[in-house]
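What follows is a predicted protein model with its sequence.
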Amino acid sequence: MPSAPLLLPWRLALPLLAFVSVPFLLPLTLPFLLRSSVPSRQALSLRRLDWLPSPLHRTPAPSTPPPPPSPLPMAPTTMSLSPAPPLASSPPQPPDTAGYGESAGGTCDVYDGGWMRDEEARPLYPPGTCPYVDEAYACASNGRPDASYTRWRWAPRWCSLPRFNATDFLARLRGKRLMLVGDSMNRNQFESLLCILREALSDKTRMFETHGYRITKGRGYFVFKFVDYDCTVEFVRSHFLVREGVRYNRQRNSNPILQIDRIDKTASRWKKVDVLVFNTGHWWTHGKTARGKNYYKEGDTLYPQFDSTEAYRRALKTWARWIDKNMDPAKSIVFYRGYSTAHFRAGDWDSGGSCNGETEPTFRGAVIGSYPEKMRIAEAVIGGMRFPVRLLNVTKLTNFRKDGHPSMYSKAPAARKKVSRRKQDCSHWCLPGVPDTWNELIYASLVLDPKPRSWKHH
Ligand SMILES: *[C@@H]1O[C@H](CO)[C@@H](O)[C@H](O)[C@H]1NC(C)=O
Ligand SMILES: *[C@@H]1O[C@H](CO)[C@@H](O)[C@H](O)[C@H]1NC(C)=O
């Protein structure tokens, strides 16, 4: 496979750093050296929160060969900032013998890794060919001239992902419903999933939206049926996962409110779904939600002023309670997809920030190590749940990808002239692109993690 690992900067950096200051470097490289003693045959697993904290077995194993060279050179700053992955030396267990909720060790964090060029196997579908990519993410059709951003594959540092196989993905979904619930970022991921699964169909008419709807941001519910696999892939819009409402003031004006202790109205649709993928995040940083004035409501109390981060925590707890009460781990899998990083230069989404002209990922700098407080909150809430929610911990892999956003190519050329300069989209992702990887990670999780008990062997 002619994938060219990005070894060059690292190879250059190492001797240079060693030359500069050995005593200074030692504390930085020590974790790396320690990690090198981990046996290379590690249990593959997607890290699930209920496996944490993993015990650290620091077995000195001089006789075991070191792992193959890391596919990705992390910038030294990143290396010293990011926590070391759990070191475990328990032998791999066949996933089928492990009971649900137990783990095979959780030794390989598939979210710790880097992007590799893969001209042969990426993108998973040719740009401009998938009819389910709506205009906002159809960068190639909208005239984006470069395509290099479609040719990266995510490579975990300490193991490899199962080779992506859309046919097998569909076979695993046979007779089941998969539903993405969340904001437009999840619609982005939903369209990606439709496109990568579509590639497995020799007859593309064997999938369709059951009501004949075309995907637009105006509609909040879509159901795609894959006839030959008797399965559906669905999207339900829910910006906050908790209930949006309105209140009327004395002048009879209506104002939006958010009831952080009540689950969203769409929750009735979530019940009984076999695979659920949730997210919420970006809307919590917008205007009225961020300001929190006369907006958050709990019980009968409308708070005159409330902190949006605390509101996010309480909303997620409301969601967690609902999942624990209504979902059965023996029947369903629930994912929570972590925060997807935006890359605005010189401004924000509503103040002239931009990301046009970015054609390569970034491999160094503070952005690589960034991990928002909301993710710590999500980890804490999920960690306290009875239901073993699987965290799709994609924040870090998105940190690198300043090249992946639509920027000024979120509109067809005719419409673009008017808006592009003022408002660029540096939050969502071009398709094909980064969300394809999130779906590959869902596939990996279905392959590597034990199935719910009630799922028949496929
Ligand atoms: C993909 O999965 C299908 C169904 O499980 C299998 O028949 C096929 O051989 C797989 N393809 C590859 C390249 O592994
Ligand atoms: C998710 O990834 C970040 C690195 O980006 C890491 O700090 C964090 O511990 C991970 N969380 C889990 C639950 O694995």
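Yep, that arrived. Ligands and ions are numbered 1, 2, ... in the order given.

And stretch 206-219, end to end?
Criterion C-alpha to C-alpha, to the nearest Å; first-to-last residue distance in stretch 206-219 is 23 Å.

pretty sure A346 contacts N356?
No - contact criterion C-beta atoms under 8 Å: A346 and N356 do not qualify, at 11.5 Å. Where you see a C-beta, it was placed from the backbone N, CA and C, and this is true even at glycine.

Which of the two has more residues huddled nearby?
N356 (16 against 9; other C-beta atoms under 10 Å).

Specify the beta-bridge partners of the closest residue to the more buried one other than its chain neighbours.
The shortest distance from N356 to any non-neighbouring residue, by C-beta to C-beta, 6 or more residues apart in numbering, is to S407 (4.0 Å). Using DSSP bridges, the bridge partners assigned to S407 are D425.

Show me what counts as buried in stretch 283-291.
Counting neighbours by 16 or more other C-beta atoms under 10 Å, one finds that the buried residues in stretch 283-291 are 283-285, 288-289.

Report the contact partners of the residue nearest to N356.
Listed by C-beta atoms under 8 Å, 6 or more residues apart in numbering, the contact set of S407 reads 354-358, 424-426.

same question, S308
Each residue near S308 by C-beta under 8 Å, 6+ apart is listed here: 284-285, 289-292.

which parts of the stretch 51-200 of the chain sit against ligand 1?
Proximity of the stretch 51-200 of the chain to ligand 1 (C-beta under 6 Å from any ligand atom) is limited to residues 165, 167-168, 171.

List only those of those residues flagged as buried.
For these, buried by 16+ other C-beta under 10 Å: D168.

Dump the residues of the stretch 51-200 of the chain next to ligand 1 to TSV, plus secondary structure, distance to I257 and pLDDT.
Shown next, in TSV, are those (DSSP: H, G, I helix; E, B strand; the rest coil; distance: C-beta to C-beta, whole Å; pLDDT from 0 to 100):
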residue	secondary structure	distance to I257	pLDDT
N165	coil	46	98
T167	helix	46	98
D168	helix	45	98
A171	helix	45	97
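
can the residues of the stretch 51-200 of the chain next to ligand 1 go into TSV with extra columns for distance to P145?
Formatted as TSV, those follow (distance: C-beta to C-beta, whole Å):
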residue	distance to P145
N165	32
T167	33
D168	35
A171	38
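
Which pair in the residues of the stretch 51-200 of the chain next to ligand 1 has the greatest spatial separation?
Largest separation among those by C-beta to C-beta: N165 and A171, giving 8.8 Å.

where exactly do the strands run in the protein?
For the chain, applying DSSP state E gives strands covering 113-117, 152-156, 177-182, 207-209, 221-226, 231-237, 242-248, 254-263, 275-278, 296-298, 301-302, 333-337, 390-392.

Serialize those to a markdown table and add fields for mean neighbour count.
What follows is the strands of the chain, written out as a markdown table (neighbours: other C-beta atoms under 10 Å):
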| stretch | mean neighbour count |
| --- | --- |
| strand 113-117 | 20 |
| strand 152-156 | 23 |
| strand 177-182 | 24 |
| strand 207-209 | 17 |
| strand 221-226 | 19 |
| strand 231-237 | 22 |
| strand 242-248 | 15 |
| strand 254-263 | 18 |
| strand 275-278 | 23 |
| strand 296-298 | 21 |
| strand 301-302 | 12 |
| strand 333-337 | 24 |
| strand 390-392 | 22 |
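
low-scoring stretches of the stretch 1-150 of the chain, by residue?
When residues are selected by pLDDT under 70, those of the stretch 1-150 of the chain lie in 1-107.

got the buried residues for stretch 200-207?
Neighbour counts over stretch 200-207 (16+ other C-beta under 10 Å) mark 200-201, 207 as buried.

Now the residue of the stretch 251-400 of the chain found nearest ligand 2: closest residue in space, sequence neighbours ignored.
For the stretch 251-400 of the chain and ligand 2, the shortest gap (C-beta to the nearest ligand atom) falls at K396, measuring 3.2 Å. Nearest residue to K396 in three dimensions, chain neighbours excluded: Y111, at 6.0 Å (C-beta to C-beta, 6+ apart).

how much space is there between that neighbour and R250?
51 Å (C-beta to C-beta, to the nearest Å).

what about those two, which has more around it?
More neighbours surround Y111 than the other of Y111 and R250, with 20 against 5 (other C-beta under 10 Å).

surely the more buried one meets R390?
No - using C-beta under 8 Å, Y111 is not in contact with R390; the gap is 11.5 Å.

Next, the contact list for C231, please.
So C231 contacts 170, 173-178, 225 (C-beta under 8 Å, 6+ apart).

need the contact list for S340.
By C-beta under 8 Å, 6+ apart, the contact set of S340 is 185, 279, 281-282, 394-395, 398, 427, 429, 434.

out of those residues, which are inside helices?
185, 395, 398, 434 (DSSP state H).

buried subset of these?
Using 16+ other C-beta under 10 Å as the burial test, these include 185, 395, 398, 434 as buried.

ok, the closest residue to the third one other than its chain neighbours - how many residues close by?
Which is T398. Excluding its sequence neighbours, the residue lying closest to T398 (C-beta to C-beta, 6+ apart) is T341, at 4.2 Å. If you count neighbours by other C-beta under 10 Å, T341 ends up with 24.

Surely T341 touches H405?
No - under the criterion of C-beta under 8 Å, T341 makes no contact with H405, lying 9.9 Å away.

And the pLDDT at the closest residue to ligand 1 within the stretch 201-350 of the chain?
Nearest residue of the stretch 201-350 of the chain to ligand 1: Y229, at 11.0 Å (C-beta to the nearest ligand atom). As predicted, Y229 sits at a pLDDT of 98.

likewise I323?
In this model, I323 is scored at 98, pLDDT.

same check, this time on D203
If you check D203, the pLDDT there is 97.

center of this structure, which residue is that?
Nearest to the mean C-alpha position of the chain, by C-alpha atoms, centre = their mean, lies V394 at 3.8 Å.

Surely that one touches L441?
Yes - counting by C-beta under 8 Å, V394 touches L441, with 7.1 Å between them.
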